[in-house]
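Undergrad: what follows is a predicted protein model with its sequence.
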Amino acid sequence: MAEPTITSTAEGSNEPVFEGSAPFCNGNFAMTRRLFRILAALGLAASLCGFALPAHAEKRVALVIGNNDYRNVPKLLKAVNDARTMGDTLKQLGFSVMVAENQSRQQFSETLLAFDRAIEPGDTAFFFYAGHGFEIAGQNYLLPTDVPAATEGQEELVRDASILADRIVERLQNKKARTSILVFDACRNNPFERTGTRAVAGGGGLAPMTQLPEGVFSVFSAGPRQTALDRLSNDDANPNSVFTRTFAKELLQPGENLVQVAQRTRRLVSEMADTIKHRQVPVYFDQMVDDVFLSGLAKDAARPADPPPQKLAALPPVSVPRVPREETANAPIASFSRHNGGWSVVFSFADPTLGISWRMAGNGDFRETGFIDTLDPRTRKRMPNPSIELPSDAAAGTIEVRYVDPAGDMQGPFPVRFDPEAALIRDQRKILDMTATNWLSFREFNGLLVYYTHLVSYRCAIREVRIGIDTAVPNQLLKMPGCDMRDPSAIGAGMPLYMKLAPATQFVSVELTYRDGSVSEIKSFRSATRSNN
């Protein structure tokens with residue numbers, strides 16, 4: 001039986017609205033009495049218990065909250081619309097959705113309690129918040145509509161009146177959700193700034209959540225100290241913020257996992273912001289164990305099965321040579337690495353080979369790669385050399401590769417695309433990811449010095465480096481030398497390799513933006529203990 005859908009709400013109500021299956025009517029009225037009082041106000045409690053709960057775990061549940069109507073700080077225009085759009089999007093993805101609008105502190109807490117009760121072990125839980133957010137001392141707070149106006153020295157007032165974002169993560173962990181997804185479109189201006197007064201010591205928007213537990217994925221509509229755009233111009237009539245309109249659309253793309261959705265959203269939002277000379281680069285933090293697909297399977301997994309082979313009747317059996325299907329042919333893959341002398345290209349074959357030869361497409365005869373002094377236990381013969389060398393100035397083109405199979409037949413040639421710039425960026429990005437603990441190092445010499453030689457060595461993969469001194473938010477741009485494709489790892493005379501720090505500096509945080517637009521995790525390097533994380 002199809003799951004029921006509950007869509008009615010009283011116009012202007014700020015109570016949560018449940019849409020999708022009803023996971024709360026489990027017969028234990030004492031446990032859910034508080035929830036039923038909320039639902040009764042909407043006329044929904046009785047209708048919920050009229051439906052049976054599907055007998056399966058690992059369901060999808062979501063809470064989306066939008067706050068526009070702030071009483072003591074500036075109102076917002078699109079947060080409620082953003083919540084409604086995300087609610088509609090998540091319903092299309094099979095979530096049971098609770099929509100809550102313009103939540104006061106008490107209502108926010110009651111809504112979170114109802115969300116807690118909806119989650120069972122093994123579920124996928126999705127939390128979306130659009131509204132004002134504020135960071136104090138590295139902790140993120142979501143602001144209810146009745147948050148008081150605060151000035152300098154009243155940080156505790158803001159803390160007590162707001163919702164701690166980390167606490168939401170803890171609650172999802174306590175409910176043993178298998179997958180927890182948190183999305184914050186809350187990186188707006190400081191809501192406590194007022195002309196003629198000193199603002200609360202903190203920042204509008206949210207700080208990076210770098211210490212997430214396993215199974216949690218979080219997305220922020222803008223990077224640290226950036227402001228998220230509601231619109232691109234005064235003529236922009238879209239009812240949603242720039243981030244939400246993009247993210248909601250990308251969530252529905254079939255075959256994209258969460259990381260791909262976040263990366264595409266980041267690129268598209270950044271490009272739109274660039275058109276009006278504004279910097280907004282959404283960031284995500286991934287602690288998922290497996291790839292998570294919310295809209296269909298991975299593209300490769302979605303390919304239909306091959307039809308069964310046709311059978312011929314009334315014919316004597318004959319031996320007919322079969323041409324291998326394209327997807328089962330032993331086509332090689334190649335990896336490229338750059339070194340001082342040029343390029344090393346290593347080919348990998350799924351099946352044994354007795355010999356390998358290659359050439360640049362349409363350029364002369366094929367050349368044998370030779371053999372290495374190792375026996376292949378599958379063929380009991382010397383193993384062909386799987387690598388070749390290309391000069392440092394090799395132009396982009398196609399490498400044609402062929403091989404001799406165990407039966408002695410020549411297979412191929414197979415085309416392998418060589419793009420020097422793309423290969424260099426991919427190779428250096430891989431090295432940077434594998435050696436993240438070496439990005440910075442400290443030395444005491446006439447004061448405290450921090451060296452970033454490692455980053456300079458692999459700068460061709462980096463678009464931008466940001467650092468933060470004694471702050472978890474990288475808020476300073478670190479200028480890097482340009483990339484010379486002819487000798488990308490060379491460190492020339494006069495290149496800056498270090499900077500001087502105050503002797504009392506405790507740590508430096510680093511965030512890399514790669515050439516493909518993706519952003520690294522924020523890493524912290526401690527000067528006192530020399531231990532990095």
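TA: Sure thing, it's come through. Residues are numbered from 1 along each chain as shown.

Undergrad: following element in sequence after the helix or strand of the chain with the lowest mean pLDDT, please.
TA: Lowest mean confidence among the helices and strands of the chain (mean pLDDT, DSSP states H and E): helix 45-49, at a mean of 38. Next along the chain after helix 45-49, taking DSSP states H and E as the criterion, comes strand 60-66.

Undergrad: just the CA atoms of the helix or strand just after that following strand, as CSV, please.
TA: As assigned by DSSP H and E, the chain's next helix or strand after strand 60-66 is helix 79-92. In CSV, the C-alpha atoms belonging to helix 79-92 read as follows (Å, rounded to 0.1, in the frame of the first residue of the first chain):
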residue,chain,number,x,y,z
ALA,A,79,14.4,31.4,4.3
VAL,A,80,10.8,30.1,4.5
ASN,A,81,10.6,29.6,0.7
ASP,A,82,14.0,27.8,0.9
ALA,A,83,12.6,25.4,3.5
ARG,A,84,9.5,24.7,1.5
THR,A,85,11.5,24.1,-1.7
MET,A,86,13.8,21.7,0.2
GLY,A,87,10.8,19.9,1.7
ASP,A,88,9.2,19.4,-1.8
THR,A,89,12.6,18.2,-3.1
LEU,A,90,13.1,15.7,-0.3
LYS,A,91,9.6,14.3,-0.7
GLN,A,92,10.5,13.5,-4.3
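
Undergrad: now the angle from the helix or strand just after helix 79-92 to strand 60-66?
TA: Per DSSP H and E, helix 79-92 leads on to strand 96-101 as the next helix or strand towards the C-terminus. Note on geometry: by axes from the mean of the first three to the mean of the last three C-alpha atoms, to 10 degrees, strand 96-101 and strand 60-66 are set 10 degrees apart in direction.

Undergrad: who does strand 96-101 pair up with?
TA: Paired neighbours of strand 96-101 in the sheet (DSSP bridges): strand 17-19 (antiparallel), strand 60-66 (parallel).

Undergrad: let me see the mean pLDDT of the first one.
TA: This points to strand 17-19. Averaged across strand 17-19, the pLDDT comes to 56.

Undergrad: by contact count, what packs against the longest helix belonging to the chain?
TA: When the chain is scanned for its longest helix (criterion: DSSP state H), the result is helix 258-274. Other elements packing on helix 258-274 under the criterion 3 or more C-beta pairs under 8 Å, 6 or more residues apart in numbering; DSSP states H and E are strand 216-220, helix 242-251, strand 283-286. For the C-beta atoms, the positions are set from N, CA and C on the backbone; glycine is no exception.

Undergrad: on that earlier part again, out of the strands paired with strand 96-101, which gets the lowest mean score?
TA: Sorting these by mean pLDDT places strand 17-19 lowest, at a mean of 56.

Undergrad: distance to residue 136 added to the strands paired with strand 96-101, as a markdown table?
TA: Shown next, in a markdown table, are these (distance: least, C-beta to C-beta, whole Å):
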| stretch | distance to residue 136 |
| --- | --- |
| strand 17-19 | 31 |
| strand 60-66 | 20 |
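
Undergrad: mean neighbour count, these: which tops it?
TA: With neighbours taken as mean count of other C-beta atoms under 10 Å, these reach their highest mean count in strand 60-66, at a mean of 26.

Undergrad: gap between residue 234 and residue 445?
TA: In this view, residue 234 and residue 445 are 55 Å apart by C-beta to C-beta, to the nearest Å.

Undergrad: should've said residue 173
TA: Residue 173 is 45 Å from residue 445, where distance means C-beta to C-beta.

Undergrad: who's more crowded, those two?
TA: Taking neighbours as other C-beta atoms under 10 Å, residue 173 and residue 445 compare with residue 173 leading, 15 against 8.

Undergrad: which residues are in contact with that one?
TA: Residue 173 sits next to 180, 213, 215-216 when contact means C-beta atoms under 8 Å, 6 or more residues apart in numbering.
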